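Trainee: Mind looking at a prediction? Sequence and model below.
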Amino acid sequence: MAAGLVISAPASGVGKTTLTLALARAWRHRGLHVQCFKSGPDYIDPAFHAAATGRASVNVDSWAMDRATIENLVSRGADADLVLAEGSMGLFDGVAARGVCGTGATADIAEMLGWPVVLVIDPSGQAQTAAAIAAGLRDYRAGVRLAGVVLNRVASPRHEDLVRRALVDAGIAVFGALPRHAEISLPKRHLGLVQAEEQAEIGQLIDEAARFVAEHVDLEAVLRSAASWSPQPAASGPKLVPPGQRIALARDAAFSFVYPHMLEAWRAAGAEILPFSPLADEAPDASADVCWLPGGYPELHAGRIASNARFRSSLRAFADTRPVHGECGGYMVLGTALTDADGIRHEMTGLLGLETSFAKRRMHLGYRLATLAAPMPGHRPGARLRGHEFHYSTILAQPDTPLAVVHDATGAVIAETGSRRGHVSGTFFHLIAEDR
């Protein structure tokens, strides 16, 4: 029987990912099998989880997924000794309007699965107030149980003592306190952490984090606080139909934002995935019946993409007879041009009229509910797709037929409708699940 814990915090940026990776690796060094999950729409952290544990990690999302799907996904942890679900943002942070079975908050997953929460608290610039914050989070929602706290970035032994005493007085267990330690900071860029596969030293960094955390955190006490858990039989997996039988999937440093659960759902339905690299000037497999370009960082590689004539010409030839779909960065590459952060305009594949600029930065972030006005690979007109949008690019032109009517989580209509032209379609949102 596995034991489950949720790693969360009052806010983003306090060290949830680093602690999750360190705990997972430290327990793995002790011979335990650890399974990680990510609560919410984050396509970067699961790769770090896999690097730390040696087991594939997937996202679970209460706004986009139903309970049966979530239970099906977490059931892969049944053979593990410990299951860790890393939260996103703050513990109770979600959207205002409820989705399929929640608001997307980490607390939804903690309550649904009955897993206690380990809070990461950064008490920088405060002392006893940190205990008030932790107590408020403990008492905010009756169905969410707080296991205890790990303090991060503690300034001094005196600082730790002040915070620790206040937490103990509030009846909150303190599992450990981490001094500031720059050597285990994970590098970041504009859409989050630099991806695990781009960091050659990621294994050593996680090992160092595990060593550091093991010195300062009572691993046995944390383990004892976990809830025993047996997964419930789930009727179904993620509600995602593969876009084709043989899928040419762009996969490299510019095209990497794809949810692991989506690829698994495609394979489970019998589809074959055929990776290729646009950055290496590769063509989609000629035997594929559909081509899918996920999101990523094309704005960092726009000049190289523009100069890769074989990729661009082969994709155009593919689109003459078969469907091509792009998400976010993939959508941008299907367009006419992309202007990078330096204001340089680069020609893209020209399969759509979309033109975007990264020089005119504005953050677009949030859940999306799209009702398709036209078909896209794997989904019929009228289908309701749930996804998430996160990018800084600005639309300069979007002249093609809109692909969908798209709403945010409040029900407001948004301008990023996606586009369709011939066999080619694209969206700015990343698909998570389809309403059934």
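Mentor: Right, received. Where do you want to start?
Trainee: Let me see the ranges of the helices in the protein.
Mentor: Here the chain has its helices, by DSSP state H, at 16-29, 45-53, 67-74, 106-113, 129-139, 157-169, 202-216, 219-225, 260-268, 302-307, 309-321, 329-334.
Trainee: Format those as CSV; extra columns: mean neighbour count, mean pLDDT and distance to residue 372.
Mentor: C-betas here are computed from N, CA, C, even on glycine. As requested, the helices of the chain are arranged in CSV below (neighbours: other Cβ atoms under 10 Å; pLDDT from 0 to 100; distance: least, Cβ to Cβ, whole Å):
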stretch, mean neighbour count, mean pLDDT, distance to residue 372
helix 16-29, 25, 95, 34
helix 45-53, 23, 92, 27
helix 67-74, 22, 92, 20
helix 106-113, 24, 98, 27
helix 129-139, 18, 98, 39
helix 157-169, 17, 97, 50
helix 202-216, 18, 90, 38
helix 219-225, 16, 98, 45
helix 260-268, 19, 93, 17
helix 302-307, 18, 97, 28
helix 309-321, 16, 98, 19
helix 329-334, 29, 97, 15
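Trainee: now the ones you listed in TSV, with distance to residue 366?
Mentor: Shown next, in TSV, are the helices of the chain (distance: least, Cβ to Cβ, whole Å):
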stretch	distance to residue 366
helix 16-29	20
helix 45-53	18
helix 67-74	20
helix 106-113	17
helix 129-139	23
helix 157-169	34
helix 202-216	29
helix 219-225	33
helix 260-268	19
helix 302-307	25
helix 309-321	30
helix 329-334	17
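Trainee: which stretch among the ones you listed comes nearest residue 436?
Mentor: Minimum separation from residue 436 across the helices of the chain (Cβ to Cβ) falls at helix 67-74, 10.1 Å.
Trainee: Could you tell me how far the closest one lies from the centre of the chain?
Mentor: Distance of helix 67-74 from its chain centroid, counting by Cα atoms, centre = their mean, to the nearest Å, is 17 Å.
Trainee: do the same with stretch 60-70
Mentor: Stretch 60-70 sits 14 Å away from the centroid of its parent chain (Cα atoms, centre = their mean).
Trainee: Give me the distance between residue 263 and residue 392.
Mentor: According to Cβ to Cβ, to the nearest Å, residue 263 stands 25 Å off from residue 392.
Trainee: Indicate which one of the helices of the chain is closest to residue 89.
Mentor: Comparing the helices of the chain by Cβ to Cβ, helix 106-113 comes nearest, at 7.6 Å.
Trainee: Against which helices or strands is that closest one packed?
Mentor: Identification of packing neighbours for helix 106-113 by 3 or more Cβ pairs under 8 Å, 6 or more residues apart in numbering; DSSP states H and E yields strand 2-8, strand 34-39, helix 67-74, strand 82-86, strand 117-121.
Trainee: Where among those is average confidence lowest?
Mentor: With a mean of 92, helix 67-74 has the lowest mean pLDDT of the helices and strands packed on helix 106-113.
Trainee: and the angle for that one with helix 260-268?
Mentor: 90 degrees (axes from the mean of the first three to the mean of the last three Cα atoms, to 10 degrees).
Trainee: neighbours of the spatially closest residue to residue 339 that is not a sequence neighbour, just the number please.
Mentor: The shortest distance from residue 339 to any non-neighbouring residue, by Cβ to Cβ, 6 or more residues apart in numbering, is to residue 357 (3.9 Å). When neighbours are counted by other Cβ atoms under 10 Å, residue 357 registers 21.
Trainee: Quick check: bridge partners of residue 357?
Mentor: residue 339, residue 394 (DSSP bridges).
Trainee: what separates the most far-flung residue of the chain relative to its centre from residue 127, distance-wise?
Mentor: In the chain, residue 158 marks the outermost C-alpha relative to the chain mean, sitting 37.1 Å out by Cα atoms, centre = their mean. As defined by Cβ to Cβ, residue 158 lies at a distance of 9 Å from residue 127.
Trainee: Can you tell me what sits against stretch 131-143?
Mentor: The contact list for stretch 131-143 (Cβ atoms under 8 Å, 6 or more residues apart in numbering) reads 10, 91-92, 107, 111, 119, 121, 146, 149, 163, 166-167, 169-170, 172.
Trainee: can you pull the buried residues of stretch 167-186?
Mentor: 167, 170, 172, 174-179, 184, 186 (16 or more other Cβ atoms under 10 Å).
Trainee: Please export the C-alpha coordinates of stretch 279-298 as CSV.
Mentor: Extracted C-alpha coordinates of stretch 279-298, given in CSV (Å, rounded to 0.1, in the frame of the first residue of the first chain):
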residue,chain,number,x,y,z
LEU,A,279,15.6,22.3,-35.2
ALA,A,280,17.6,19.5,-36.8
ASP,A,281,15.9,20.4,-40.1
GLU,A,282,14.1,17.0,-40.1
ALA,A,283,10.9,16.3,-42.0
PRO,A,284,7.8,14.7,-40.5
ASP,A,285,7.7,11.0,-41.1
ALA,A,286,6.2,10.4,-44.6
SER,A,287,4.2,7.4,-43.3
ALA,A,288,2.4,9.5,-40.7
ASP,A,289,-1.3,10.5,-41.2
VAL,A,290,-1.1,13.6,-39.0
CYS,A,291,1.5,16.0,-37.8
TRP,A,292,1.4,17.7,-34.4
LEU,A,293,3.6,20.7,-33.4
PRO,A,294,3.4,21.2,-29.6
GLY,A,295,4.3,24.4,-27.8
GLY,A,296,7.8,25.3,-26.5
TYR,A,297,10.3,28.1,-27.2
PRO,A,298,10.3,28.8,-31.0
